[in-house]
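Asks: Fold the following and give me the result.
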Amino acid sequence: MKFFLGAICIFFNLTNAWAIACADTVNVNQVLVVYKPLSPKNANAFLVNHLKSNYNDLSLSDYLTKSSTLSFKNYGAGGSSTISLRGTNASHTKVLWNGLSIGSSMLGLLDFSTIPSNSSDLIEIQYGGATAAYGTAAMGGVIILNTSNPFENKRTIISLSQTFSSIASSTTQLHLKFGRKKIRSIFTINYQNNQNNYSFKNYTQFNSPIQNQINAETKSGGIMHQLYYQVNSNSLFTLHSWYQESDRNIGPPIFNRNQTAYQLDYSIRNIASYSTIKNSYHRFKWSLGHNREYIRYVNRVKVGSTNLVLLNSKSTFDALNFEFNYARNLEHRNESLSFSSVYEGASIADYGKYRYRIRNALSLNEEFLFKRNWTLDFINRYEYALNKNLFASQIAFNKKNLLQKDITLRFGISKNYNLPTLNDLYWQPGGNPNLLAEQGLEADVNVKYQFKSASISLNAYQGIINHWILWQPAAIENGVWTPQNLRQVQLYGIEMIAHFTKQIGAYHLLANYNFSINHAVNLKAMSLNDQSVGKQLIYVPINKSSFMLQVNRQNSWLQYAFNYNGFRYTSSDNKQFLPAYLLHDLALGHSFLHQAKQYRILFRVENILNKTVESIPFRPLPGRVYSINFQLNLNK
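Replies: Numbers count the residues shown, from 1 in each chain. So this is what the prediction gives:
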């Protein structure tokens, strides 16, 4: 029912958009200028769209696992999926959808399994601490989900996609883009029904029998509407609305198949913004956003024919965000000023009462332009939250055309912070309102080389995070867990991202390779007999890489990809671990035109060698999966 209510709300926005559509023509080039986002430059930012056309039906976590070196803790069929960027916690990575933060300050993270990869056509990863630019929850990096400029193609576009897979899952997607010269509208619907019908070897039982996954059925759907209205030749108004819901059974661990947990998720996200240019070089932008999430989690155990409820939790989280940006471009300097105010509140029985906090922040970004392609960037941020004054800063030196015209060098240092979550502060029993904000310091060096149709980027980084928040028993006698600022963690590693394209006769080749080495080491003992000092944090693989090669010939293409995930420790003393794995995927596609319609068919095989993989112990993921996708595209 809530799914259809969300559809009705967005439909009224859509109807209003058509009512405005009878306006005069404008200079579209001005739209392109206004549309440019007011975001800081980051040499460690990379788009990861090279697999989108073949994997657009996946969740965002599954897609980023295949297309990057990001790590995810996947809790199995129907379970949640949380991120780790450069060895940091899930609460250290911020996710922005068209400028709106969609993570939960209650939990301190985003469940990437609930986000469809088609929620954005531009997916960008910014590596490294970015608190000065984006605020709290960006100590590890930022995932940016944006929509490409809808005014670049003024035609009406209709796309319908249907995918079926061998684990009894289906995905339906509808994408519409239409409008006039002054107004464009984008409408997206997605629906997924996944039975997760696969088998695995249960190594916790005698003789390791082959068993079928149970209690792992999921259903999810979403509606998204995005409106772009050119007020005049220098001003643009945008409105983005997104309703998403999911109903999922959570597959039990293989050692206790009597668990029958399920979870309901509902979220509605809205952001409106107005951008304008004054006197050619003064840019202003106002935005107002709202994010609401409702989660109901029920954990049960089957006793005979009865499901005994162990936990029944309901929570609602709200975030209201206002932001103002001003930017101007001078002859030898660019500068921008930003003010933001964020209200975050949550309701759950475990808090005892409704809890909220307000965060106000002011940031200044200065870019100085020198001779010989040298630039110097400063970003400083002041934030007042929880009766505390917080500061973050970033300084970066950039040199273009180093040695050769195709080489760019960047060196940066950043000071970052991360606020405790609402759960950390107010959960009863155990919440700790006296927690300090986590503090981090990071330095990184980036070298980019661009030559004709090839590019390579090398990053090296080193940092430290103090006051790392960790939950542990406060006292043996009462067994109550409480969060404390216990850890000091050192982060260091290297990253490589390479792209290559080549035309050989009638064949067009595309290749992408990503590689990373990430060390996340605990430096501080939390107890007298703590054996985690000097050891890698759990579930953070040291080595990770991915590769894609696609060969196109006329209207057909063949794509091969692999994803390597190094071993992950599952105990803090590094004595227990999950083995490394290498997964291979293959995709074959063909498209053709018939009566002004484009038809596309894609056949895909994931995990070709049918390997058994666990991201979390005792929660196996599907083996070999076959899928077929049909797509119809119309351009008018």
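
Asks: how far away is the residue lying closest to Leu310 once chain neighbours are set aside from His508?
Replies: Of all residues not flanking Leu310 in the chain, Asn299 sits nearest, at 4.8 Å (Cβ to Cβ, 6 or more residues apart in numbering). In this view, the C-beta of every residue, glycine as well, is placed from N, C-alpha and C. Counting by Cβ to Cβ, to the nearest Å, the gap from Asn299 to His508 is 51 Å.

Asks: Same question for Val613.
Replies: 32 Å.

Asks: All the helices of this structure, in order from the start?
Replies: Applying DSSP state H to the chain gives helices spanning 2-20, 28-35, 52-55, 60-67, 131-134, 422-426.

Asks: rank those helices by pLDDT, which is bottom?
Replies: Ranked by mean pLDDT, these bottom out at helix 28-35, which scores a mean of 37.

Asks: OK, contacts around the nearest residue to Leu337 once chain neighbours are set aside?
Replies: Of all residues not flanking Leu337 in the chain, Tyr326 sits nearest, at 4.8 Å (Cβ to Cβ, 6+ apart). Each residue near Tyr326 by Cβ atoms under 8 Å, 6 or more residues apart in numbering is listed here: 282-285, 336-338.

Asks: Closest one to Tyr569 out of the residues you listed, please.
Replies: Each of the contacts of Tyr326 was scored against Tyr569 by Cβ to Cβ, and Ser338 proved nearest at 39.7 Å.

Asks: Run through the bridge partners of that closest one.
Replies: Asn325, Ser363 (DSSP bridges).

Asks: Ranking helices and strands of this protein by mean pLDDT, which lands last?
Replies: When the helices and strands of the chain are scored by mean pLDDT, DSSP states H and E, helix 28-35 comes last with a mean of 37.

Asks: okay, and for the stretch 451-600 of the chain, where does confidence drop off?
Replies: Within the stretch 451-600 of the chain, the ranges that satisfy pLDDT under 70 run 475-478.

Asks: What segments of it are strands?
Replies: Listed in chain order, the strands of the stretch 451-600 of the chain (DSSP state E, counting those that start in this stretch) span 454-473, 481-504, 507-522, 543-553, 556-565, 568-569, 577-578, 581-594, 597-606.

Asks: which stretch among these comes nearest Lys371?
Replies: Nearest to Lys371, of the strands of the stretch 451-600 of the chain and by Cβ to Cβ, is strand 454-473 at 25.2 Å.

Asks: That closest one packs against which elements?
Replies: Applying 3 or more Cβ pairs under 8 Å, 6 or more residues apart in numbering; DSSP states H and E, we find strand 454-473 packed against strand 438-451, strand 481-504.

Asks: residues of stretch 219-231 that come out buried?
Replies: Across stretch 219-231, burial judged by 16 or more other Cβ atoms under 10 Å covers 220-230.

Asks: which one of the residues you listed sits closest to Thr172?
Replies: Using Cβ to Cβ, the buried residues of stretch 219-231 come closest to Thr172 at Gly221, 8.9 Å.

Asks: before we move on, back to that, among the helices and strands packed on strand 454-473, which comes closest to Leu582?
Replies: strand 481-504 (17.8 Å).

Asks: Mind listing what's buried along the closest one?
Replies: Neighbour count says strand 481-504 has 482-489, 491-493, 495, 497-499 buried, by 16+ other Cβ under 10 Å.

Asks: Report back the residue of the chain that's furthest from centre.
Replies: Gly304 (40.9 Å; Cα atoms, centre = their mean).

Asks: Please determine how far it is located from Asn459.
Replies: 56 Å.

Asks: Surely Ser457 is in contact with Phe46?
Replies: Yes. Between Ser457 and Phe46 there is a contact under Cβ atoms under 8 Å: 7.1 Å.

Asks: Between the two, which contacts overlap?
Replies: Ile497.

Asks: ok so, going back, looking at the strands of the stretch 451-600 of the chain, which one is packed in the most?
Replies: Ranked by mean neighbour count, the strands of the stretch 451-600 of the chain are led by strand 568-569 with a mean of 22 (mean count of other Cβ atoms under 10 Å).

Asks: quick one: contacts of that strand?
Replies: 535-541, 576-578.

Asks: and if you look at stretch 67-76?
Replies: 48, 50-51, 55, 61, 64-65, 81-85, 90, 112-113, 125, 216, 250-251, 253, 495, 512, 514-516, 518, 539-541, 544-546, 548, 565, 615-616, 619-621.

Asks: roughly how far out does that stretch sit from the chain middle?
Replies: 11 Å (Cα atoms, centre = their mean, to the nearest Å).

Asks: cool, and stretch 312-321?
Replies: 20 Å.

Asks: same question, stretch 470-487
Replies: Worked out by Cα atoms, centre = their mean, stretch 470-487 lies 30 Å from the chain centre.

Asks: start to end distance for that stretch?
Replies: Taking Cα to Cα, to the nearest Å, the first and last residues of stretch 470-487 lie 7 Å apart.

Asks: now stretch 530-541
Replies: End to end - Cα to Cα - stretch 530-541 spans 21 Å.

Asks: What lies in contact with it?
Replies: Contacts of stretch 530-541 (Cβ under 8 Å, 6+ apart): 71, 73, 84, 87, 489, 518-526, 542, 565-574, 580, 615-616.

Asks: ok, now with 6 Å
Replies: 71, 73, 84, 87, 520, 522, 525, 565-566, 568-570, 572-574 (Cβ atoms under 6 Å, 6 or more residues apart in numbering).

Asks: Most widely separated two among those residues?
Replies: Ala525 and Asn565 (29.3 Å).

Asks: Let me see the contact set for Ser148.
Replies: 121-122.

Asks: Find me the pLDDT at it, would you?
Replies: pLDDT, Ser148: 88.

Asks: measure the residue nearest to Ser572 when sequence neighbours are not counted to Ala454 for me?
Replies: Leaving aside its chain neighbours, Ser572 sits nearest to Ser532 (3.8 Å; criterion: Cβ to Cβ, 6+ apart). Distance of Ser532 to Ala454, given as Cβ to Cβ: 42 Å.

Asks: Ok, Gln462 next?
Replies: On the measure of Cβ to Cβ, Gln462 and Ala454 end up 28 Å apart.

Asks: and what of Leu621?
Replies: 34 Å.

Asks: same check, this time on Ser556
Replies: 24 Å.

Asks: what's the answer for Asp573, then?
Replies: 44 Å.

Asks: same check, this time on Leu523
Replies: For Leu523, the distance to Ala454 - Cβ to Cβ - is 39 Å.

Asks: re earlier: and the contacts of stretch 530-541, which is closest to Arg357?
Replies: The closest of the contacts of stretch 530-541, once distances to Arg357 are taken by Cβ to Cβ, is Ser84, at 25.5 Å.

Asks: quick one: contacts of stretch 373-393?
Replies: 40, 131-133, 359-369, 394-401, 415-417.

Asks: Let's see that with 8 Å instead.
Replies: Counting by Cβ under 8 Å, 6+ apart, 40-41, 131-133, 135-136, 357-370, 394-401, 412, 414-417, 419-420, 425, 437 sit against stretch 373-393.

Asks: One more: stretch 611-625?
Replies: 72-77, 79, 165-167, 196, 198-201, 204, 213, 251, 253-255, 539, 570, 578, 581-583, 605-610.

Asks: Mind doing that once more with 7 Å?
Replies: 72-76, 79, 165-167, 198, 200-201, 204, 251, 253-255, 570, 578, 581, 583, 605-608, 610 (Cβ atoms under 7 Å, 6 or more residues apart in numbering).

Asks: does the nearest residue to Ala596 once chain neighbours are set aside have beta-bridge partners, and which?
Replies: Once flanking residues are discounted, Ala596 sits nearest to Leu634: 7.3 Å by Cβ to Cβ, 6+ apart. Taking DSSP bridges as the rule, Leu634 bridges to Ile158, Lys597.
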